[in-house]
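Participant: whatever this is, show me its structure:
(chains A and B)
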There are 2 protein chains.
Amino acid sequence: MTATPQVASEKIDGKVFPGWWQDIVGEGKAIDTKKFFVVCPDHFGGCYGSTGPPSRNPDTGREYGMAFPQFFIRDMINCNWELLKQLKIQKLHAVVGGSLGGLLALEFSSLHKDFAKNALILGASHKVSSQAIALNHISRQAIMLDPGWNQGHCYKEKFPVKGLSIARQIGHISYLNRKIMDEKFGREEVGQFKQYVSLPMQYQVESYLDYQGEKFCKRFDPNTYIYLSKAIDSFDLAREFGSLQNAFVGNSTAFTHVAISSDDLFPAEDTEKLHEQIKKAGAKSVFKLVKSEKGHDAIFLEKDKIAKVVEKALAN
Amino acid sequence: MTATPQVASEKIDGKVFPGWWQDIVGEGKAIDTKKFFVVCPDHFGGCYGSTGPPSRNPDTGREYGMAFPQFFIRDMINCNWELLKQLKIQKLHAVVGGSLGGLLALEFSSLHKDFAKNALILGASHKVSSQAIALNHISRQAIMLDPGWNQGHCYKEKFPVKGLSIARQIGHISYLNRKIMDEKFGREEVGQFKQYVSLPMQYQVESYLDYQGEKFCKRFDPNTYIYLSKAIDSFDLAREFGSLQNAFVGNSTAFTHVAISSDDLFPAEDTEKLHEQIKKAGAKSVFKLVKSEKGHDAIFLEKDKIAKVVEKALAN
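Facilitator: Numbering: from 1, shown residues only, chains lettered A, B, ... in the order given. Prediction:
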C-alpha cells in the first residue's frame, strides 16, 4: 500500500538502496532479474514519483492537496497500461502483486485478459472486508482530526504527524494479528517504565507503534493516504464487472493465489472463493495456502515459503 | 467497560429505564431479582456516580480532569469492598462480571478468597493481550489529539467529540469480529451514497461506527476513558500475585468461566489457561465455551446461551 518503486535492492555509486521485496526480487532470487525484466512503478496518485496530492497543480502553482481527484484501482491500472505502451512491452510474463499490489494485479488481469501469461496474487482477494473498511474509515478520521492536516494544506509549516501516525498504527495492527503480537511483544514494558505507570507510552507494543508511526510520517503523504485507502475500500471486482465470473470469462492468464492462513485483512477463505470463481469462469487458477502465524505481513516475513510458491508460479 | 449501574430495567414513576443486561438480570431472569439481591455499582473513577475525572475537586472548585490520579483494577475493587461493608453484606452468593466486569470479578475473588460463594466471569481472562493494549493506546492518542480535549479541560465549552468518537469506534471493532461485521454490514452502502463516492462516509459500517461514536460522546467522559483503558491495560493477575496460581491458592469460591469461541479481545484459549491454573491452585473451576460467531459482544447478544450458563453457575 505504501511501498516505494524500489522493489529490489540496488547499488548506485557505491551506495546500497534496500528494496522492500529484496528477498524475492533480485539476481538469483525467486523473481530472478537475470531472467526477468521487472517493472515496478509508483502507482498513480502515489507520492513516490507519480502525480499525486503533493504534486504542484500547474494552474494554481500550489500543491493539489485535497483538490486532487479521488482515484480508483482502475485508474491506477489505466496509468500502468499507458506506461507499458510507452515501454513498448507487448506481453508480460507475469503480473505480480501483494496486498494492494494484489488488487492491482487482479484489476489488470480483468481488464487485459491475455496480456500477462501469469498472474501471481498474494494476500489479496476480490473485495475488501467490512472490517478493513472500518479500519480505513478510522484512519482517515484520525488524519483529518489533526489540526496539522489543515484541510489538506499541509505542505508548508503544518503536518498531521499524530494523525498520520495513528493511521499507520492502525495499519500495523491489521498487518499483524493477535497471536503474533502476543508472541512478539506480549505485555513487555519498555525498560524505564517497568517500575511506574506511564500514560503516553509504557509497553513495548506501544513503543513499536509510536516508532512505526513517526517513521512513516517522514516518508508518506497524508492526503495520498486518505485517497489511497478510499480507493482500496472501493475495490469490488464483482460489482465492477457485474459478477466475479464475468471479470474472468475468456481470460488466458494462469492465476496463482497465495493466501496466508492467519491473514485477518484478506482472509484465506475470501481468496479461495475468488479462485473457485475464476475456475468456474473457465480460466486457469491455482490456490496456495501458506500456513503461517505471522498474519498479513507473512507475504514479507515468510521469505522461504513465499519464495517457493513465487518461483513455481513463474516457472511456466 | 462503559456501562452504567443500570443493569436491570426499572420502572420509576411510570417511566421504564432499560438495563444494559436486562435479558439476564431481572424478575424471573437467569439472575433472578426475586431470589437474589443484585448490587451493581459504578466503578471507582467512572462517570456514572463515582468520584472520577469529571467530579469537582473541592480544593480547586474545578473538575479534576487529568489531575485525577491514575486508578487500577485493585483500586476499583477496594472501593467495592468499602461499599459492601457499608451495605453490611457478610457474604455474596456470587460475584459476576463480563469483560472489564470479569477482570473486576477476578480481582475481587483473588483479594477476598472466601467472600463470594461463586464467581462467574464472562469474556475475560487474567490479562489483556498485546493487541488490546495496542488498540487502547491508539484510542487514547485519538482523544488527546482532538483540540477539544484541551489537556483534559473539556468541561466548559470544549469537548473532544471526534477523538472520543474514534476511541469508541475502535472499541466497537474489537467487540465484534471480522466475520460478524461482514455478515452484518458487508460492503453495503448508505442509500444516497450508492451512486457516487463520499469520502467522509459511504458504507453502512462507517455510518454505524459514526453513529455509535457520536452517541457515546453524549454519555461518557473522555478523561475517564483514558484512565479506564489504562487500568485495563495494566491488569495482569500473575504479575500482581507473583504467579497465576498464587492468586487462587486457598480460594473457596467456585469459578465459572464463560468464553466466546470468536472473542478476539479476550480469546477463549487465554480463559481456558486461567481456568486450568485455578484448578492447579486447588480451587473449583468450570470452563464453558459458548460457540458463537458474534465475537466479544456475544456476552450480550447470545441471550439464550448466556442465560443458560449463568443460571447453572448460580444454582449452587
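Participant: pretty sure A:T60 sits in a strand.
Facilitator: No: assessed by DSSP: H, G, I helix; E, B strand; the rest coil, A:T60 does not belong to a strand; its assignment is coil.
Participant: burial of it, as a residue count?
Facilitator: Neighbourhood size, A:T60 [other C-beta atoms under 10 Å in any protein chain shown]: 9. Heads up, the C-betas are built off the backbone N, CA and C, glycines and all.
Participant: what residues are up against it?
Facilitator: A:A67 (C-beta atoms under 8 Å, 6 or more residues apart in numbering or on different chains).
Participant: up against chain B, what does the stretch 151-300 of chain A have?
Facilitator: Residues of the stretch 151-300 of chain A lying close to chain B by C-beta under 8 Å from any C-beta of the partner chain are A:162-163, A:165-166, A:169-170, A:173, A:176-178, A:181-182, A:184-187, A:197, A:199, A:201-203, A:205-206, A:209, A:226, A:230, A:233-234, A:236, A:264, A:267.
Participant: low-confidence ranges, the stretch 151-300 of chain A, go.
Facilitator: Applying pLDDT under 70 to the stretch 151-300 of chain A flags no residue at all.
Participant: and the helices in it, which stretches?
Facilitator: Secondary structure of the stretch 151-300 of chain A (DSSP state H, counting those that start in this stretch): helices at A:161-175, A:178-184, A:204-217, A:222-234, A:237-241, A:268-280, A:298-301.
Participant: quick one: closest of those to B:H137.
Facilitator: helix A:204-217 (4.6 Å; C-beta to C-beta).
Participant: output the closest one as CSV - backbone C-alpha positions only.
Facilitator: C-alpha atoms of helix A:204-217 as CSV (Å, rounded to 0.1, in the frame of the first residue of the first chain):
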residue,chain,number,x,y,z
GLN,A,204,6.9,-2.4,24.0
VAL,A,205,3.9,-2.7,21.7
GLU,A,206,3.1,1.0,22.2
SER,A,207,6.8,2.0,21.7
TYR,A,208,6.8,-0.1,18.4
LEU,A,209,3.7,1.5,17.1
ASP,A,210,4.8,5.0,18.0
TYR,A,211,8.1,4.4,16.3
GLN,A,212,6.5,3.0,13.2
GLY,A,213,4.0,5.9,13.1
GLU,A,214,6.7,8.6,13.4
LYS,A,215,8.9,6.9,10.8
PHE,A,216,6.0,6.7,8.4
CYS,A,217,5.4,10.5,8.6
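Participant: what packs against that helix?
Facilitator: If contacts are counted by 3 or more C-beta pairs under 8 Å, 6 or more residues apart in numbering or on different chains; DSSP states H and E, helix A:204-217 sits against helix A:161-175, helix B:130-145.
Participant: repeat the analysis, applying 10 Å as the threshold.
Facilitator: Other helices and strands packing on helix A:204-217, by 3 or more C-beta pairs under 10 Å, 6 or more residues apart in numbering or on different chains; DSSP states H and E, are helix A:161-175, helix A:178-184, helix B:130-145.
Participant: adding distance to B:A298 and mean neighbour count, write those out as TSV.
Facilitator: Formatted as TSV, those follow (distance: least, C-beta to C-beta, whole Å; neighbours: other C-beta atoms under 10 Å in any protein chain shown):
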stretch	distance to B:A298	mean neighbour count
helix A:161-175	22	23
helix A:178-184	17	18
helix B:130-145	17	24
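Participant: now those helices in a markdown table, with distance to B:C217?
Facilitator: Compiled in a markdown table, the helices and strands packed on helix A:204-217 are given as follows (distance: least, C-beta to C-beta, whole Å):
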| stretch | distance to B:C217 |
| --- | --- |
| helix A:161-175 | 18 |
| helix A:178-184 | 28 |
| helix B:130-145 | 11 |
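Participant: how big is the angle separating the helix or strand harbouring A:G101 from helix A:268-280?
Facilitator: In this assignment (DSSP states H and E), A:G101 forms part of helix A:100-111. Computed with axes from the mean of the first three to the mean of the last three C-alpha atoms, to 10 degrees, the direction of helix A:100-111 lies at 20 degrees from that of helix A:268-280.
Participant: close to chain B, is helix A:100-111?
Facilitator: No: under the criterion of C-beta under 10 Å from any C-beta of the partner chain, chain B is not reached by helix A:100-111; the shortest gap measures 13.9 Å.
Participant: that helix to helix A:222-234, inter-axis angle?
Facilitator: Interaxial angle, helix A:100-111 versus helix A:222-234 (the same axes, to 10 degrees): 50 degrees.
Participant: check which helices and strands whatever helix or strand comes next after helix A:100-111 sits against.
Facilitator: Later in the chain than helix A:100-111, the nearest helix or strand by DSSP H and E is strand A:116-122. Using 3+ C-beta pairs under 10 Å, 6+ apart, the elements in contact with strand A:116-122 are strand A:92-98, helix A:100-111, strand A:254-260, helix A:268-280, strand A:284-290, helix A:298-301, helix A:303-314.
Participant: mind listing the strands strand A:116-122 pairs with, and their directions?
Facilitator: Partner strands and pairing direction for strand A:116-122 (DSSP bridges) are strand A:92-98 (parallel), strand A:254-260 (parallel).
Participant: turn these into TSV, including distance to A:H296.
Facilitator: Compiled in TSV, the strands paired with strand A:116-122 are given as follows (distance: least, C-beta to C-beta, whole Å):
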stretch	distance to A:H296
strand A:92-98	9
strand A:254-260	7
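Participant: what's the most buried one of those?
Facilitator: With neighbours taken as mean count of other C-beta atoms under 10 Å in any protein chain shown, those reach their highest mean count in strand A:254-260, at a mean of 25.
Participant: of the helices and strands packed on strand A:116-122, which approaches A:G46 most closely?
Facilitator: Closest to A:G46 of the helices and strands packed on strand A:116-122, according to C-beta to C-beta: helix A:100-111, at 10.3 Å.
Participant: would you mind checking the average pLDDT for that closest one?
Facilitator: Here helix A:100-111 scores 98 as its mean pLDDT.
Participant: now that helix, how far from the chain's geometric center?
Facilitator: Distance of helix A:100-111 from its chain centroid, counting by C-alpha atoms, centre = their mean, to the nearest Å, is 12 Å.
Participant: what helices and strands are in contact with that helix?
Facilitator: Helix A:100-111 packs on helix A:73-86, strand A:92-98, strand A:116-122, helix A:222-234, helix A:237-241, strand A:254-260, helix A:268-280, going by 3+ C-beta pairs under 10 Å, 6+ apart.
Participant: how about the residues of the stretch 1-150 of chain A near chain B?
Facilitator: Near chain B, when you scan the stretch 1-150 of chain A using C-beta under 10 Å from any C-beta, you find A:66, A:69-70, A:72, A:127-142, A:144-148.
Participant: mind running it again at 7 Å?
Facilitator: For the stretch 1-150 of chain A, the residues found near chain B under the criterion C-beta under 7 Å from any C-beta of the partner chain are A:70, A:127, A:129-131, A:133-135, A:137-138, A:141-142, A:145-147.
Participant: perfect, that will be all.
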